[in-house]
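**Student:** No letters, just coordinates:
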């Protein structure tokens, strides 16, 4: 683990549909492997918020945030010139050694996909969103095929999907877990520390609780 | 690590894992383990944590590998940290506490035993805190710290009782039981319902407990509960604590021990220079 903590300045904030794309100076932090995450200080809150890296371009770290609670709303209310503490990269990213990648994302699960696609040198992607406004985020992933509810992203899965790398809501991940053995799935859990300190973010795997921040957030069942 | 005028800084049990963040643990004056019980425990089902307006709730449920695996696998690694190792001990009866303390008594790498007498997230032992301390006292000659709950009608009386039973010091305080609800579903935020409430909101309560106990007994006190700054440490020292432990602050700032020492030194008139924005070293 080469996670470091630094106070980084906000260089811009873009609105993409209902989401906020927070652009931070990169400082001396490593960008890590796609699917790893960073703990972002949420101004005025007790706990930081875990966010996977969306894009790493021109000396910036960019995070796509869905303002659904007090912490994510505080993050989306940041303005250019503000500064927040950022700690990362943390956890285990996607295994990039895949032959036929297919990126699958639902809603804000698109967040790690642009950096993942770039790391893979491009990859086909299918996306699902709950509304056309949310689907504006599809522009972060040029060439991706997107559907809007009531259609579900899992309806777009080909018969032979190849190496699935996915991020999205739990029901979507559970379906993929059933349909695609060996899929790499990015899970989510309420998290306090992000570095194994608190045992708060456990999920059950093989009859035991594992810390998602240490053993995840990417988990893969045997193919 | 301690500099003149700076009280020793520890971690609160369960708020730092020295095996995943050894470099952070090495910045402490002593590392306190997560609570160890006689048998392995899976802990409570998720969700286990939730943020509230002024603190956080947790219900981890003493997830730990049990005393055998702890002594065999974890303790040798903790001994390599180069800082004194305090082991937090828990259980569900006086016999449990005695069993774990008997095992730890044989371990040269254990400097101090902290008795977790007040975990809000598991069923409590039937015996009183004093009876649990007495059982532990018979099992070990190592220094014994009794960790007390703030949720008692008279914490000073508890302090006198555990002191009489053989405690060498007090850890004040454990989390306070709290409950929060998800506003959309109306369901509790934590799977188990209530959990332990920690963070800044706990601080005035902890200070009152430290103050009351310091007036009641002559035992050394580790003060904890919402410590997040040098000023907070000064408050705990004013209340009667000889050392402090950091808990929830570790979740937002792994390097809080260094920052707090700098703040204390700056407040003491030294020329410690604050370097905002400087990148930290790696925690592992």
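**Tutor:** Arrived safely. All of these numbers come straight from a predicted model, not from anything done at the bench.
**Student:** And the helices in the stretch 1-150 of chain B, which stretches?
**Tutor:** B:22-25, B:66-69, B:75-79, B:94-105, B:129-139 (DSSP state H, counting those that start in this stretch).
**Student:** Show the average pLDDT along the second one.
**Tutor:** Spelled out, that is helix B:66-69. In this model, helix B:66-69 carries a mean pLDDT of 98.
**Student:** Likewise for stretch B:169-177?
**Tutor:** Mean pLDDT, stretch B:169-177: 97.
**Student:** outside of it, which residues touch it?
**Tutor:** The contact list for stretch B:169-177 (CB atoms under 8 Å, 6 or more residues apart in numbering or on different chains) reads B:58, B:114, B:116-120, B:143-151, B:155, B:159, B:162, B:194-198, B:202, B:205-206, B:209-210, B:213, B:217, B:219-225, B:241, B:245. All C-beta atoms are positioned from the backbone trio N, CA, C, and that covers glycine.
**Student:** about what we covered before: now that we have the helices of the stretch 1-150 of chain B, can you turn them into a markdown table and tack on mean neighbour count?
**Tutor:** Formatted as a markdown table, those follow (neighbours: other CB atoms under 10 Å in any protein chain shown):
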| stretch | mean neighbour count |
| --- | --- |
| helix B:22-25 | 21 |
| helix B:66-69 | 16 |
| helix B:75-79 | 15 |
| helix B:94-105 | 21 |
| helix B:129-139 | 22 |
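**Student:** Select, out of the ones you listed, the one closest to chain A.
**Tutor:** Nearest of these to chain A, taken as CB to the nearest CB: helix B:22-25 at 8.2 Å.
**Student:** contacts for that closest one?
**Tutor:** With CB under 8 Å, 6+ apart as the test, helix B:22-25 has contacts from B:11, B:16, B:18, B:31, B:81, B:83, B:250, B:254-255, B:257, B:281-284.
**Student:** coming back round to it: so which of the contacts of stretch B:169-177 belong to strands?
**Tutor:** Members of those lying in strands (criterion: DSSP state E): B:58, B:114, B:116, B:144-148, B:195-198, B:221-224, B:245.
**Student:** Is it possible to mark the buried ones in the contacts of stretch B:169-177?
**Tutor:** Buried members of these, counted by 16 or more other CB atoms under 10 Å in any protein chain shown: B:58, B:114, B:116-120, B:144-151, B:155, B:159, B:162, B:194-198, B:202, B:205-206, B:209-210, B:213, B:217, B:219-225, B:241, B:245.
**Student:** can you narrow those to ones near chain A?
**Tutor:** Contacts with chain A within the buried ones among the contacts of stretch B:169-177, as defined by CB under 8 Å from any CB of the partner chain: residue B:58.
**Student:** out of the contacts of helix B:22-25, which one sits closest to residue B:232?
**Tutor:** Of all those, residue B:232 sits closest to residue B:257, with 12.8 Å by CB to CB.
**Student:** The residue nearest to residue B:88 when sequence neighbours are not counted and residue B:120, how far apart?
**Tutor:** Distances taken as CB to CB, 6 or more residues apart in numbering or on different chains place residue B:13 nearest to residue B:88, at 3.9 Å, with adjacent residues excluded. Going from residue B:13 to residue B:120 by CB to CB, to the nearest Å gives 13 Å.
**Student:** what does residue A:178 give?
**Tutor:** From residue A:178 to residue B:120 the distance is 38 Å (CB to CB).
**Student:** Please name the residues that touch the closest residue to residue B:76 other than its chain neighbours.
**Tutor:** With sequence-adjacent residues excluded and distances taken as CB to CB, 6+ apart, residue B:76 is closest to residue B:109, at 7.4 Å. With contacts defined as CB under 8 Å, 6+ apart, the neighbours of residue B:109 are B:75-76, B:78-79, B:85.
**Student:** Among these, which pair sits farthest apart?
**Tutor:** Maximum pairwise distance in these, criterion CB to CB, is 10.7 Å, between B:76 and B:85.
**Student:** residues from chain A in reach of chain B?
**Tutor:** Residues of chain A lying near chain B (CB under 8 Å from any CB): A:1-7, A:27-29, A:39, A:41, A:45-48, A:70-71, A:83, A:85, A:87, A:189-204, A:208-209, A:214.
**Student:** same question for stretch A:188-201, mean pLDDT?
**Tutor:** 96.
**Student:** and residue B:234, that's in a helix?
**Tutor:** Yes - Residue B:234 forms part of a helix when assessed by DSSP: H, G, I helix; E, B strand; the rest coil.
**Student:** how far away is it from residue B:200?
**Tutor:** Separation of residue B:234 from residue B:200 (CB to CB): 16 Å.
**Student:** report the longest helix in chain A, please.
**Tutor:** Ranked by residue count, the top helix of chain A under DSSP state H comes out as helix A:170-179.
**Student:** Would you mind identifying the next helix or strand past that helix?
**Tutor:** Going down the chain from helix A:170-179, the next helix or strand is strand A:184-186, by DSSP states H and E.
**Student:** Based on its surroundings, how many neighbours for residue A:200?
**Tutor:** For residue A:200, the tally of surrounding residues (other CB atoms under 10 Å in any protein chain shown) stands at 27.
**Student:** quick one, what contacts the closest residue to residue B:129 other than its chain neighbours?
**Tutor:** With sequence-adjacent residues excluded and distances taken as CB to CB, 6+ apart, residue B:129 is closest to residue B:117, at 4.5 Å. By CB under 8 Å, 6+ apart, the residues touching residue B:117 are B:129, B:132-133, B:146-149, B:162, B:174.
**Student:** Closest one to residue A:163 out of these, please.
**Tutor:** Among the contacts of residue B:117, and counting by CB to CB, the member closest to residue A:163 is residue B:174, at 47.3 Å.
**Student:** Isn't residue A:180 up against residue A:160?
**Tutor:** No - with contact defined as CB atoms under 8 Å, residue A:180 does not count as touching residue A:160 (9.9 Å).
**Student:** between the two, who's got more neighbours?
**Tutor:** Each of residue A:180 and residue A:160 has its neighbours counted (other CB under 10 Å); residue A:180 has more, 22 against 8.
**Student:** Enumerate the beta-bridge partners assigned to the nearest residue to the more buried one once chain neighbours are set aside.
**Tutor:** Excluding its sequence neighbours, the residue lying closest to residue A:180 (CB to CB, 6+ apart) is residue A:164, at 4.7 Å. Residue A:164 has these beta-bridge partners by DSSP bridges: residue A:102.
**Student:** OK, contacts around residue A:164?
**Tutor:** With CB under 8 Å, 6+ apart, residue A:164 has these contacts: A:102, A:104, A:176, A:180, A:183-184.
**Student:** since we're on residue B:5, how many residues are nearby?
**Tutor:** So residue B:5, with other CB under 10 Å, has 12 neighbours.
**Student:** From chain A, how far off is it?
**Tutor:** Distance from residue B:5 to chain A, counting by CB to the nearest CB, to the nearest Å: 26 Å.
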